[in-house]
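Chemist: Below are the sequence and a predicted model; questions follow.
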Amino acid sequence: MRLILTTSRGIEDLASAEVESLLSELGVPFRVEEKPLGIEGRLLAEIGEAFYTDEKGRKRELEVATLLNERSRLLHRVMIEIASERFEGIQEERGGDALKRIYDFVSGLPVERYIKISESFAVRPFRKGEHTITSLDISRTVGSAIYDRLSRFGRPKVNLDHPAVIFRAELIGESFFLGIDTTGDSSLHKRPWRVYDHPAHLKASIANAMIELAGLDGGSVIDPMCGSGTILIELALRSYGGKIAGIEKYMKHLKGARMNALAAGVLDRIEFIHGDSTKLSKYVNSVDFAISNLPYGLKIGRKSAIPKLYMEFFSELAKVLEKRGVFITTEKRAIERTITENGFEIRHHRLIGHGGLMVHLYVIE
Ligand SMILES: C[S@@+](CC[C@H](N)C(=O)[O-])C[C@H]1O[C@@H](n2cnc3c(N)ncnc32)[C@H](O)[C@@H]1O
């Protein structure tokens, strides 16, 4: 079986390591490829047959997709691959020609292997890049190709609102992926615990990437601008043994963070402090790790306030941070200047896709 897995751009290596560790636990043979067809934010996992013996001694197939949906902290979607194909030149083709090519290709795929004729289906599209066709065109065309093919075996059922089987068709530049979306309509990064929606909240998958890159050793962790608490809650859900604390300036967000932590069942694991992190040393004498996505200019209106805020915060951080910090921002110039001026060194830098933006991640010591 081959699975197409999706995650944020820029964290494919961490998602791949997580998948490898989950699959190793099962003891099944596998191979994980990052960026299949050169596409960022995608992994291809080739998995050998995996069986277990049930209580009645029957041999049963292991549901690897279900395991990844349940256990992964870095993936967004788990799809059973039907096809991965490169359509050279499709971006320049006229709309009708591009759609005919997609229709002809999908009509030749054995989709009947992935669905019972009695089951209803829908096609969910994803499109990225410059094309002459829209996402809606893709879902309609792929939908009719699947419908026409299944009609050979009976009367197919389409249900756009509550389908039993979701086909996902992705056109990213020239690359086309078709799969069965085992995750469903809500991406895995949308955590069920999020009862308070902060306007600039971090994707849970990226929060976990930051946690991975922090190289935590059981020492104390703080998110000094914790917003709705994403990083802290995800950390507590990983059964982290060390002390976990967060600071937030606005009561509204802090209350929201507490509500989220309560919903996640980890409120007793996190100390939430109402405060101003430009006075960090007022609240903590020393902390081993700091992990935070800092306010960006885009989200807080007055862009000129950012360098000043970063400078005040990092000079305080220098007084209390013992080991390592992991930060995300779009403000490359402002953060790099303030990191070095406050005596820190950048140990790692990478770009990560977050909500249509590329954000800079820094690991500093
Ligand atoms: C980008 S958001 C963090 C979002 C958070 N990671 C989440 O997922 O909800 C930055 C947060 O920093 C807070 N903030 C800004 N200045 C602050 C300061 N001086 N001290 C503490 N918090 C501050 C903002 O109110 C905002 O909630």
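Modeler: Sure thing, it's come through. Residues are numbered from 1 along each chain as shown.
Chemist: In the helix or strand that contains Val326, which of the residues would be classed as buried?
Modeler: Val326 is part of strand 321-329, with elements assigned from DSSP states H and E. Buried residues in strand 321-329, counted by 16 or more other CB atoms under 10 Å: Leu321, Lys323, Arg324, Gly325, Val326, Phe327, Ile328, Thr329. From N, CA and C alone the C-beta is placed, and that goes for glycine too.
Chemist: strands paired with it, and their directions?
Modeler: strand 287-293 (parallel), strand 357-364 (antiparallel) (DSSP bridges).
Chemist: In the stretch 101-250 of the chain, what residue lies closest to the ligand?
Modeler: Here the residue of the stretch 101-250 of the chain nearest the ligand is Gly227; by CB to the nearest ligand atom that distance is 2.6 Å.
Chemist: Which element, helix or strand, includes the residue lying closest to Glu20 once chain neighbours are set aside?
Modeler: Leaving aside its chain neighbours, Glu20 sits nearest to Val32 (5.7 Å; criterion: CB to CB, 6 or more residues apart in numbering). Here Val32 sits within strand 30-34, counting by DSSP H and E.
Chemist: measure Ser16 to the ligand for me?
Modeler: Ser16 is 24 Å from the ligand, where distance means CB to the nearest ligand atom, to the nearest Å.
Chemist: Correct me if wrong: Gly227 contacts Lys255.
Modeler: No. Counting by CB atoms under 8 Å, Gly227 does not reach Lys255; the two are 11.7 Å apart.
Chemist: Would you mind telling me which of the two has more residues around it?
Modeler: Using other CB atoms under 10 Å, the more surrounded residue of Gly227 and Lys255 is Gly227, with 26 against 15.
Chemist: Ramachandran coordinates for the more buried one?
Modeler: Torsion angles at Gly227 (phi, psi; degrees, to the nearest 10) stand at phi 50, psi -120.
Chemist: Check Leu202 too.
Modeler: Backbone torsions for Leu202, taken as degrees, to the nearest 10, come to phi -90, psi 150.
Chemist: now the helices for this protein?
Modeler: 12-26, 64-71, 95-107, 135-150, 204-214, 230-237, 251-264, 297-300, 305-320, 332-341 (DSSP state H).
Chemist: for the shortest one, what is the average pLDDT?
Modeler: The one in question is helix 297-300. Averaging the model's pLDDT scores along helix 297-300 yields 55.
Chemist: so what's His274 closest to, chain neighbours aside?
Modeler: Nearest non-adjacent residue to His274, counting by CB to CB, 6+ apart: Leu254, 5.2 Å away.
Chemist: isn't that neighbour right next to Asp276, touching?
Modeler: No. Contact between Leu254 and Asp276 fails when scored by CB under 8 Å: they sit 12.0 Å apart.
Chemist: ok, those two, which is more surrounded?
Modeler: Neighbour totals were compared for Leu254 and Asp276, and Leu254 leads with 22 against 17 (other CB under 10 Å).
Chemist: Find the least confident helix or strand in the protein, judged by mean pLDDT.
Modeler: Of all helical and strand segments in the chain, the minimum by mean pLDDT, DSSP states H and E falls on helix 297-300, at a mean of 55.
Chemist: Could you tell me which residues of the protein lie near the ligand?
Modeler: Neighbours of the ligand within the chain, by CB under 6 Å from any ligand atom: 198, 200-202, 225, 227-228, 230-231, 247-250, 253, 276-278, 293, 295.
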